[in-house]
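Colleague: From the sequence below, what's the structure:
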Amino acid sequence: MAGRAVTWERRAGPRAIVGGLLALAAACNGGASPLEPGATQPGTSTGDPTTTGTPGTTAPTTGEPPPPPTACAEPTDLTASPRTIGEAVAFINGLPQPLTLDCFLERLERPLAIAATKSVISLQPAVGEASPRLFLFAGELVMSVAVDGHGFDLLEFGELVAPTRSIKGEIGFPLADPIAHDAPFTRIFDGEDGTGCGICHGSEAPTPEYPQAFVSDALRFPDFETVAFADLRREYERCDPAVQPERCARLTALFGHGPVEPAAFPESMPTIYDYEP
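Modeller: Below is the predicted model:
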């Protein structure tokens, strides 16, 4: 999975506009087969053998900590690994409402493949290496989320349709009701012949895959802006919910509900710095 998926950075312009993008980022605010749900410990755990629920019987503890509480409005067994934007919308609409982004992330099928960047050249910028921008790989679909700061409530999509071309979309959370199938595209449509992603992603053009959707250049972040997977996991392990409840909840939604593994973009994919003036 790590070598196949590709994502975006919101249409790269010449190097001369990089400083302008940083200012804009500060100013703007906006089928998968089901996996068995995360197992839950029966009974209660107090350090003694766990009660099974049958009077007079006990089961030994496993030494594993109990799973974290769900971020969803109500418990659900639904999981999925959407491979297209359309599948992601269908999955979103099947989850309990009202829906938070953390609930959606929690219910993604594991293992979850993640790459992280400290890049700030985006409308979903990182907040340093400790709170990077994260890319989630699922086949030809790459989704991005922020750990903290601007874009924290946004889920961004890049659906690969060619080695260096992808369809872009975006959904804002929380959601009170199910969304329309074209919601990821109408949100970023700029009212003309393109999208807000055109700020960073070159060569936008309409695409027949979805109504009102546009395809444009797919970009990767450069190696020097990579945040190591081990460092990202350490941020999850040492996060203090009493100090940073929302940031810790986001990291828990990603790392606390099953295996997570590192991913990477193909080196053949261009970066924002590869565009010529």
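
Colleague: Quick check: the gap between Ala180 and Ala80.
Modeller: 19 Å (C-beta to C-beta, to the nearest Å). Every C-beta, even on glycine, is put in place using the N, C-alpha and C of the backbone.

Colleague: okay, the two: which has more neighbours?
Modeller: Regarding Ala180 and Ala80, a neighbour count based on other C-beta atoms under 10 Å identifies Ala80 as having more, with 22 against 10.

Colleague: wait, isn't the more buried one in contact with Arg107?
Modeller: Yes. Look at Ala80 against Arg107 with C-beta atoms under 8 Å: they come within range, at 7.2 Å.

Colleague: which residues are in contact with both of these two?
Modeller: Shared contacts of Ala80 and Arg107, defined by C-beta atoms under 8 Å, 6 or more residues apart in numbering, comprise Phe91.

Colleague: In what element of secondary structure is the closest residue to Arg187 other than its chain neighbours found?
Modeller: Of all residues not flanking Arg187 in the chain, Glu170 sits nearest, at 5.2 Å (C-beta to C-beta, 6 or more residues apart in numbering). If you go by DSSP states H and E, Glu170 is part of strand 165-172.

Colleague: name the helices or strands packed onto the helix or strand just after that strand?
Modeller: On the C-terminal side of strand 165-172, the nearest following helix or strand under DSSP H and E is helix 183-186. Packing partners of helix 183-186 (3 or more C-beta pairs under 8 Å, 6 or more residues apart in numbering; DSSP states H and E): helix 85-94, strand 165-172.

Colleague: how far out from the middle of the chain is the longest one?
Modeller: Using C-alpha atoms, centre = their mean, to the nearest Å, the mean C-alpha position of helix 85-94 is found 14 Å from that of the whole chain.

Colleague: Also stretch 116-123?
Modeller: 13 Å.

Colleague: Do me a favour and get the end-to-end distance for that stretch?
Modeller: 15 Å (C-alpha to C-alpha, to the nearest Å).

Colleague: try stretch 254-271
Modeller: Across stretch 254-271, first to last residue, C-alpha to C-alpha, it's 26 Å.

Colleague: and if you look at stretch 143-152?
Modeller: 13 Å.

Colleague: three-state assignment of the nearest residue to Met269 once chain neighbours are set aside?
Modeller: Closest residue in space to Met269, ignoring its immediate chain neighbours: Arg220 at 4.4 Å, by C-beta to C-beta, 6+ apart. Recorded secondary structure, Arg220: coil (DSSP: H, G, I helix; E, B strand; the rest coil).

Colleague: Measure how buried Arg220 is and give me the count.
Modeller: 26.

Colleague: quick revisit: neighbouring strands - and their directions - for the strand holding Glu170?
Modeller: Using DSSP bridges, strand 165-172 pairs in its sheet with strand 154-162 (antiparallel), strand 214-217 (antiparallel).
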